[in-house]
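Peer 1: Would you be able to build a 3D model of this:
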Amino acid sequence: MKVELTSYTPNPEKAIIEAAAVSYRSKPREEILDHIIQAGHWTPLEFAVFNFRIEGISRACSHQLVRKRVGVAFVQESQRYIDCKDGYNYVMPPSIENSSNDFLYCGRTARQIYNNIIHRVEAAYEQLRILGIPPEDARFVLPNACTTTIAMSINYHALLDLAKERLCSKSQWEIRELVEKLRDCVSEVSPKLAGYLQPKCYWLKHCPEKKGCGKHERIQGDS
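Peer 2: The predicted model follows:
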């Protein structure tokens, strides 16, 4: 997985502070930024925008990512026009990659089972293309494991919301890793803004999940 911050609002903290100052009819001051974030007055945060190029995530991960619709725009690599007849890259989940060789099914490990089906799909795709089936139809056999590239533009308000959900330890490993990399990119231009990209328990001060990770206690009544 590779994540690159391709462009962003110049001086994003200043852009947010100036927008917030309009609301309060005050002079822009640095302390406004912490105040509006901690108070939940997040509309001015939309004045800071970050543009990313994301490579090497699975289609399964990309489908989770694009569910975020407010304050974000996506352009994704097309499987309709990209011909995979020379093979394709795919993601192997750690649970499969790190599975024990002591556990076998019909004499095969989890990795062997996984790699076998990937190679069979590659062969099926190539055979369909040889038969003249266009890429837009041959792609129907491709798995969620296929990697993809996405261009994403997201404002800081939306990025905070995304981090709240996807940095939670209960989130799936791949999209959690992706959002961690997004946070690392933001940290390069604004450590303060990156510091607020935290899971929802950070804001709630308790765990809302049915079965938490132990970082914060659940409160009675959570389900």
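Peer 1: make it CA atoms for all contacts and neighbour counts henceforth
Peer 2: Fine.
Peer 1: Kindly list the main-chain dihedrals of the nearest residue to Ala60 once chain neighbours are set aside?
Peer 2: Take Ala60 and drop its neighbours on the chain: the residue closest to it by C-alpha to C-alpha, 6 or more residues apart in numbering is Asn144, 5.0 Å away. Dihedral pair for Asn144: phi -60, psi -20, per degrees, to the nearest 10.
Peer 1: Please name the residues that touch Asn144.
Peer 2: Shown in contact with Asn144 (C-alpha atoms under 8 Å, 6 or more residues apart in numbering): 58-60.
Peer 1: Let's verify Asp102: helix, strand, or coil?
Peer 2: coil (DSSP: H, G, I helix; E, B strand; the rest coil).
Peer 1: Count the neighbours of it for me.
Peer 2: Applying other C-alpha atoms under 10 Å, we find 7 residues neighbouring Asp102.
Peer 1: how about the strands in the chain?
Peer 2: Taking DSSP state E as the criterion, the chain contains strands spanning 2-8, 49-58, 72-76, 147-155.
Peer 1: tell me the pLDDT at Leu162?
Peer 2: On pLDDT, Leu162 comes in at 97.
Peer 1: related to what we said a few turns ago, now the strands of the chain as TSV including distance to Glu165 and mean pLDDT?
Peer 2: Below are those laid out as TSV (distance: least, C-alpha to C-alpha, whole Å; pLDDT from 0 to 100):
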stretch	distance to Glu165	mean pLDDT
strand 2-8	19	98
strand 49-58	18	98
strand 72-76	15	96
strand 147-155	15	97
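Peer 1: re the thing from before, quickly name whichever of the contacts of Asn144 is closest to Tyr90.
Peer 2: Proximity of those to Tyr90 (C-alpha to C-alpha) peaks at Ser58, which lies at 6.7 Å.
Peer 1: Specify the beta-bridge partners of the closest one.
Peer 2: Per DSSP bridges, the residues bridged to Ser58 are Thr147.
Peer 1: Which residue comes closest to Ile150 once chain neighbours are left out?
Peer 2: Nearest-residue entry for Ile150: Gln76, 4.4 Å, with adjacent residues in sequence omitted and distances by C-alpha to C-alpha, 6+ apart.
Peer 1: List the contacts of Val186.
Peer 2: Counting by C-alpha under 8 Å, 6+ apart, Val186 has contacts 5, 193-194.
Peer 1: try 6 Å this time
Peer 2: Ala194 (C-alpha atoms under 6 Å, 6 or more residues apart in numbering).
Peer 1: Just the pLDDT at it, thanks.
Peer 2: At Val186, pLDDT is 98.
Peer 1: likewise the one 4 residues further on?
Peer 2: In the predicted model, Ser190 carries a pLDDT score of 97.
Peer 1: ok, now His206?
Peer 2: According to the prediction, His206 has pLDDT 84.
Peer 1: The one 4 residues further on now?
Peer 2: The confidence metric pLDDT takes the value 76 at Lys210.
Peer 1: tell me which of the contacts of Asn144 is nearest to Asn98?
Peer 2: Of the contacts of Asn144, the one sitting nearest to Asn98 (C-alpha to C-alpha) turns out to be Ser58, at 18.1 Å.
Peer 1: ok, back up a step: turn the strands of the chain into a markdown table, columns for mean neighbour count.
Peer 2: Listed next are the strands of the chain as a markdown table, based on neighbours: other C-alpha atoms under 10 Å:
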| stretch | mean neighbour count |
| --- | --- |
| strand 2-8 | 16 |
| strand 49-58 | 20 |
| strand 72-76 | 15 |
| strand 147-155 | 20 |
